[in-house]
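S.K.: sharing a model that was predicted from the sequence below.
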Amino acid sequence: MKNNLLVVPVILPLFTAILIFLISNIKFQKLLSFVSTTFCLATALYLTKQVSVKGIQTLSLGDWPAPFGIVIALDLFSGIMLILTMIVSLAALIFSFKTIGSERENYFYYAFFQLQIMGINGALITGDIFNLFVFFEILLIASYILMALGGKPYQLQETTKYMIINMVSSVLFLVGVAVLYSTLGSLNMADLSVKVGKAGDQGILKVIAVIFMIVFGIKGGLFPLYFWLPRSYHAAPSAVAVLFGGLMTKVGIYAILRVYTLIFAPTLSSINNIILIIAGLTMFLGVMGAVAQMDFKLLLSYHIISQVGYMIMGLGLYTPLSITGAIYFLIHNIIVKSCLFLISGIAEKLRDTTDLKKMGGLMATDPSVAYIFLIAGFSLAGAPPFSGFFGKFLLIRAGLEKGSYLIVFVSILVSFFTLYSMTKIFKYAFWGTAPENVKKVQHNHYFGLVLPAACLALLTVFIGLNTEWVYSYVNSAAYQLMNPDLYIQAVLGG
Amino acid sequence: MTIVISPFVFGLIVLPFLHKIKLRFHKWVGIVPLVLFLTILKYKSSIINGNIVSEAYQWVPSFDVSLSFRLDGLSFIFALIITGIGFLVVIYSKKYMHSESAISRYFSYILLFMSSMLGVVLSNNLISLFVFWELTSISSYLLIGFWFYKEKSRYGAWKALLITAGGGLAMLAGFILMYTVTGSFEISQILSQKELIKSSPFYLTILVLTLIGSFTKSAQFPFHVWLPDAMEAPTPVSAYLHSATMVKAGIYLLARLNPVLGGSSYWFYMVTFTGILTMCYGSIMAIRQRDLKALLAFSTISQLGLITSLLGVSTETAVIGAVFHIINHAAFKGSLFMVTGIIDHEAGTRNLDELGGLGRKMPFTAVVALIGALAMAGIPPLNGFISKELFFEAVLVDGWAGYVLPALAVFGSIFTFIYSMIFVISPFLGTYKPKEKTVHEAPWGLLLSPMILGVTNLALGIYPKLVADIISKGAANILGKYVDAHLSLWHGFNVPLLMSLIVISFGCLLFSRLNYVKHIIEKIQMKKINLNKLYDLFQTGIPKFAGFITEKQMTGFLRDYLVYILSFVFLSVGLTSLFFMELSIPNLNLERIDVYEYVVAAIMVVSSIFLLFTRKRLIAILILGVIGYMVSLFFVLEKAPDLALTQLIVETITLVLFLIAFPHLPEITEENSKRSTKIINAAVSILTGLTVTFLMVYSKAYKIYESVSSYYIDNSLLLGGGKNIVNVILVDFRGFDTMGEITVLGIAAFSVYALIKLRLGGRKYE
């Protein structure tokens, strides 16, 4: 199905950014960002609805036929991701209004923010592997500046590491694309899928598959490639950390799921045990990092790593149930993780520190924040009836049914430590007594601070209680991933 | 459904809302459990007639997860305890907590718990049971930590949550395994497929996982360590959650799944012996406590052990005893906790050393305490005596266990007798000790609830037929067959009676030598490892261990990270190549390469190596330029003049920029790392380079499919209208890419500007 609206999620943020660069009135910039992001969210919802009714939507840019031109395509998986991206962006944007400060606002913060969205959206909808590279470049360069904007020494120091490691990954990406193009002679992902399917068992394809695992693994924060992650997210301003913590690594995971289910599915059988080992180690080492921390944001950052392991576990098991579980988990995690980062931002605002030992008493001074955290924290730990429970439930079930007991054991162990570290935050930051002379946030500011987190917390409760409804979409999304013919047919035609 | 949901609604929505609009509804909260109690009681006749009330709502039908509820004899008994004791606790709390400013929050938590607990016992679906199970853990966590400004409350709450929720996770795995065997989460369906589970290879795993869940929740040895620390909760909470209801969730699960998991020797030995050991351990430990609540906590552990061991034996007598004792324990332990609360409230302390002679000042409380303690000790004519007799009768099993179990049962019961005596005699008799001089009888608001429970104890003891029919139904549900319970005070002269007499006489004897007994226990205990230490070791050790393995890899140095990442690159890519590829490069034709190309390549290689060793910044920049210009020469040799031009421009601009920034660039400093580190770094970079080179050459030679580029050649002029294919590709065929790249450059430009202009200084937090 051809659909011209598909360019909106990419083009709209671009134009918004250009307008923001041109007009210096901050109030107007805020309004424009808000309207544009909301509109983008609406488009994402509308497009995904269309996908679920009419099937995968595609658009050949410049009307050059696939596989020669660039095709962008939206299936249910990318549609769901698109919606989530816009939801989290909207939450982070509203949070930015209250927290980012006028200095950064004067230096194009909102423009960079829009370009970041453009990069993520582009990576989600593109159907072309080189174009994916381009959008990764956009989202990366936007993330460098969002992370470093403000120029504090700590920010610059961590951004440099982040940047150099990601440059290495970009070079590898390019190597991967080059090798792929040189052996298969195409860049269109659907076309590549057909060709890999026909080529049969070729060693070089497995090597390429591994290269892409590394490339996206660096972005996604997999073992042993995640080193850049915790501190760089820690260095970023809170509102930006929300966007990064919630979304950025997941774009890497999205790319892994996309590329592996679409192009490299035939190679999966020979490397899925390696993927499971990576998943287990990612989960475990990530959660261990979290357990060791006494800093709110740093602890959450390590959890990103740990949670990513669960999604890769879904891919490693590679059954319809496990892929469904992975997507469900991805949805849940994006929402909850963003919510937790929002709360850490609020707590930072209220206590002027992210050091857990210096916080305390938030339950007494700000009970609403405490309850939002409690919901999100328990959800992350997989406690019912929140969304996290069913994510883990599906993955554990898929693992048990496939007989991969070790990974199931690790995932349960990691769940326990997740609970441990979430309640550790609760114990130190929310319980206890407040330090003396705490700042009081003005009432009208308070609403803007808490609203986005509250909405996301409600969403995790809603998803938990309405799992059946969410599942119907997730299940079809997984079905599309497990049956790449649907995607191929939509892109290349009959 | 309404029964389960209504406390939720009241607790989570109505109460906070009314609190916001300043209505003091919390005074009338008691209505909720009372109405529920009466509603459930209405079903009594229908339950006794053997009917089962069930109700089901779809939740996630795709996972076979539903909110289905089922009221049979067993859940009926539990539901009555939950709402009945709940009602009394709420009335008691109203007075007990009246000075608490957050009382509305308190009642919200209590109602949240009540809902969850009702959910546990009424669920007919394992997953919905699990959901409510975890919710009871969470609400217990909030209630223990209610006074969150106290360090001990936080410690106790955290400990309780970690142990019970951790056990819950194991249990969940057990449930899912049960599902993979039977294909259903509905308890009633699983019960009908018990043979399938018993014969499945997973039986033992399922059993162990489920038992872990049950034992952690019901504070069985060695998971009991959380319960004494949970006593930091307000006393009504301890009475309600940590003696009458929540800790019995594990027992409930054992009872409920007994038809499926029970009946094997694994079940018998694991459950019975865990139970009886817990019982002995708990009662011995109770004796040495100074704090009345701690005494009751260990007593609860011991009593739960008793019930567990009965379920392990699971003969008809045992099960009847278990069900009856569940009711009795809720009644007498509830009243004793409330008495403790009264003492604490009036005398200002719960420490046995500071209590004594309260009997004359507070006679009603003393009577209630006496009834409760006698019931606990198993003295006629109280309910505890009857269930104790049933217990003694039940442990007389065949085989060697028939000697060990009764001995342990009597042994544990002697200590039970002793601590029960301590509970009445120490605070109420003897000389008057409290510092507070004006101790007087508790107000009616506090006395009413324990008195009702005291009367219940007496009534159930004298006239046990009151509940005989309903206990039969409950026991029948546990055993999965018809049961007729005959309960009476007098069983005639038999072995159990003899055992009771031994208990009472030895109990009296040892009680008169109490200090000596305590001394011995303390001596033994000092030498043994304290299980609490194990938990504390976990609490300090895990972060340390985690910190250790994290610091090992997260060094903070970019170079380390790159070494790790690149090692992974060449290892994984290299190994996959070794395993799956032939390493000879097909059609490798070196003759095509020009002499010029060798020269250019050689210059590049030499300058790269030179670059590594130079210490001068200017030279480094110039060498970089040389390499760049060589790349453009390559483009010339490969007949791509436009690319060569582009590359030339890029190189020139880069060079100029470098020179402009030159004064700001730092000096290159000498490397001070170890020789071994240097060698590893060099090896990693060389190997990575070789891997990538090999891959590029290989893929250049090894084409599976022809490239799509012929399309561009054919159509560039025809459809694109341009003679330069590269241009047409850039601006037309793949114009979307170009737009993206332009965006990248634009962002870079603005970023540089923003970074130079905006410096927020060194503050780490915003």
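M.R.: Looks like it arrived, so ask away.
S.K.: I'd assumed residue B:729 was in a helix, is it?
M.R.: Yes - Residue B:729: assigned to a helix according to DSSP: H, G, I helix; E, B strand; the rest coil.
S.K.: go ahead and confirm it touches residue B:712.
M.R.: Yes - using Cβ atoms under 8 Å, residue B:729 makes contact with residue B:712 at a distance of 5.8 Å. For every residue, glycine as well, the C-beta is placed using N, CA and C.
S.K.: number of residues surrounding residue 429?
M.R.: Picked chain A for this. 28 (other Cβ atoms under 10 Å in any protein chain shown).
S.K.: switch to chain B, that's the one I care about
M.R.: Around residue B:429 there are 13 residues (other Cβ under 10 Å).
S.K.: which stretch of helix or strand covers the most centrally placed residue in chain B?
M.R.: Note on chain B: the residue nearest the mean C-alpha position is residue B:165, at 2.3 Å, using Cα atoms, centre = their mean. In the assignment (DSSP states H and E), residue B:165 maps to helix B:151-182.
S.K.: and if you look at residue A:179?
M.R.: Assigned by DSSP H and E, residue A:179 falls in helix A:153-184.
S.K.: in the chain, where is pLDDT below threshold?
M.R.: Picking chain A for this. Chain A contains residues with pLDDT under 70 at A:1, A:437-444, A:494.
S.K.: switch to chain B, please.
M.R.: B:1-4, B:7-26, B:434-437, B:525-530, B:583, B:585-588, B:671, B:761-766.
S.K.: what's the domain layout of it?
M.R.: B:275-512, B:555-605+B:678-704, B:616-669, B:715-766 (automatic domain parsing).
S.K.: what's the closest non-adjacent residue to residue A:71?
M.R.: Spatially, and ignoring its direct neighbours in sequence, residue A:71 is nearest to residue A:127 (4.3 Å; Cβ to Cβ, 6 or more residues apart in numbering or on different chains).
S.K.: residue contacts, the one you found?
M.R.: A:58, A:66, A:70-73, A:188-190, A:491 (Cβ atoms under 8 Å, 6 or more residues apart in numbering or on different chains).
S.K.: show me what contacts residue B:500?
M.R.: B:378, B:385, B:388-389, B:392.
S.K.: from these, which would you call buried?
M.R.: B:378, B:385, B:388-389, B:392 (16 or more other Cβ atoms under 10 Å in any protein chain shown).
S.K.: now render these as TSV, adding secondary structure.
M.R.: Formatted as TSV, the buried ones among the contacts of residue B:500 follow (three-state DSSP):
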residue	secondary structure
B:378	coil
B:385	helix
B:388	helix
B:389	helix
B:392	helix
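S.K.: thinking again about what came up before, the helix holding residue A:179 vs chain B: in contact?
M.R.: Yes - in terms of Cβ under 8 Å from any Cβ of the partner chain, part of helix A:153-184 sits within range of chain B, namely A:153-154, A:160-161, A:164-165, A:168, A:172, A:175, A:178-179, A:181-184.
S.K.: tell me the one of those nearest residue B:142?
M.R.: residue A:154 (36.6 Å; Cβ to Cβ).
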